[in-house]
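S.K.: Sharing a model prediction with you, sequence too.
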Amino acid sequence: MLLKILNELQATSTTLVAVSKTKPVAQILELYAQGQRHFGENKVQEVVEKYEALPKDIHWHLIGHLQSNKVKYVASFVHLIHSVDSLKLLEAIDKQAAKNQRVVNCLLQFKIAAEDTKYGLTWEEAVSMLKSETYSTFHHVNICGVMGMATNTADEVTIRSEFRNLRGYFDALKRDFFAQQSDFKEISMGMSGDYLLAIEEGSTMVRIGSLLFGERA
C-alpha cells in the first residue's frame with residue numbers, strides 16, 4: 001500500500017506523513033525499511049517514546065492538539081508542528097525552541113470543518129496573531145504553511161469546499177504576510193479517506209494512517 005500511495009503522490013510532489021499514532025515500533029520500522037521517513041503522532045508522550053526508540057533520521061510531525069506546557073518535551077527534535085492554534089502556543093514553542101538553540105517549523109491550524117470536535121484558528125484570529133506585537137518578537141519559530149481537517153463525511157462537495165477554504169487562507173497569508181518567505185509553502189490537508197481530493201485542491205502534505213497501518217483498535 002505504501003508504494004501505491006507514493007506512486008500517486010510522486011507526480012504532485014506531495015509529502016506523505018505516515019500517521020503512526022497507537023502503532024508499535026515494529027510496524028513503523030516496516031515502513032521505514034521501505035523508505036518512509038515522515039511519521040505523524042498525536043500525543044506528546046507517545047512521540048517522545050518513539051523518538052527515543054527509533055532511528056534518528058525520522059522526521060517527526062506533531063499533528064494533534066498541543067498544550068503549551070507539553071512543548072518542552074518535543075522542542076529538541078520535532079520536525080514540524082502542524083497544530084498551532086493560538087498565540088499562547090506559538091509563544092511556548094518559541095521559548096522552548098530558543099532553549100534548544102533551534103528554530104521549530106510550524107503550521108497554523110485553521111478550523112475548516114463544521115464539527116465542534118475540530119480545533120483551529122478563524123481567519124480573524126490568525127490575522128490578529130500575525131499582526132501582534134508579541135509575534136514580532138519571536139525568533140525561534142518558522143511558520144511555513146497551514147493545516148486543516150475536513151468534516152468527516154462522504155459528501156465530496158463539502159470536503160472540497162473546506163479544502164478550498166484552507167487553500168484560500170494559505171494564498172491570502174502568502175500574499176499579505178509571507179510573500180518574501182520561500183519556505184512558506186505547505187498546505188497540510190487530506191487523510192486516508194479524502195487525500196486524493198485534497199491533492200486535487202492543492203495539498204502539499206497528506207496525513208495517512210489507516211490505509212498504511214490498518215484501522216486503530
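M.R.: Everything's here; your move.
S.K.: Let's see the helix or strand bottoming out on mean pLDDT in the chain as PDB, backbone CA atoms only.
M.R.: One helix or strand of the chain scores below all others by mean pLDDT, DSSP states H and E: helix 2-10, with a mean of 79. Extracted in PDB, the C-alpha atoms of helix 2-10 (Å, rounded to 0.1, in the frame of the first residue of the first chain):
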ATOM      1  CA  LEU A   2       2.900   2.400   0.800                       C
ATOM      2  CA  LEU A   3       4.300   2.100  -2.700                       C
ATOM      3  CA  LYS A   4       0.900   2.500  -4.300                       C
ATOM      4  CA  ILE A   5       0.300   5.800  -2.300                       C
ATOM      5  CA  LEU A   6       3.800   7.000  -3.000                       C
ATOM      6  CA  ASN A   7       3.300   6.500  -6.800                       C
ATOM      7  CA  GLU A   8       0.100   8.500  -6.600                       C
ATOM      8  CA  LEU A   9       1.900  11.300  -4.800                       C
ATOM      9  CA  GLN A  10       5.100  11.300  -6.900                       C
END
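S.K.: what's downstream of it, the next helix or strand?
M.R.: Toward the C-terminal end, the helix or strand that comes next after helix 2-10 (DSSP states H and E) is strand 15-19.
S.K.: From the contact counts, what lies against that next one?
M.R.: Contacting strand 15-19 under the criterion 3 or more C-beta pairs under 8 Å, 6 or more residues apart in numbering; DSSP states H and E are the following elements: helix 2-10, strand 38-41, strand 205-208, helix 210-213. For every residue, glycine as well, the C-beta is placed using N, CA and C.
S.K.: ok, 7 Å please
M.R.: Applying 3 or more C-beta pairs under 7 Å, 6 or more residues apart in numbering; DSSP states H and E, we find strand 15-19 packed against helix 2-10, strand 38-41, strand 205-208.
S.K.: In three-state terms, how would the residue nearest the centre of the chain be classified?
M.R.: In the chain, the centroid-proximal residue (C-alpha atoms, centre = their mean) is His82; its distance is 2.9 Å. On the three-state scheme (DSSP: H, G, I helix; E, B strand; the rest coil), His82 is labelled strand.
S.K.: tell me the pLDDT at it?
M.R.: Predicted confidence (pLDDT) for His82: 98.
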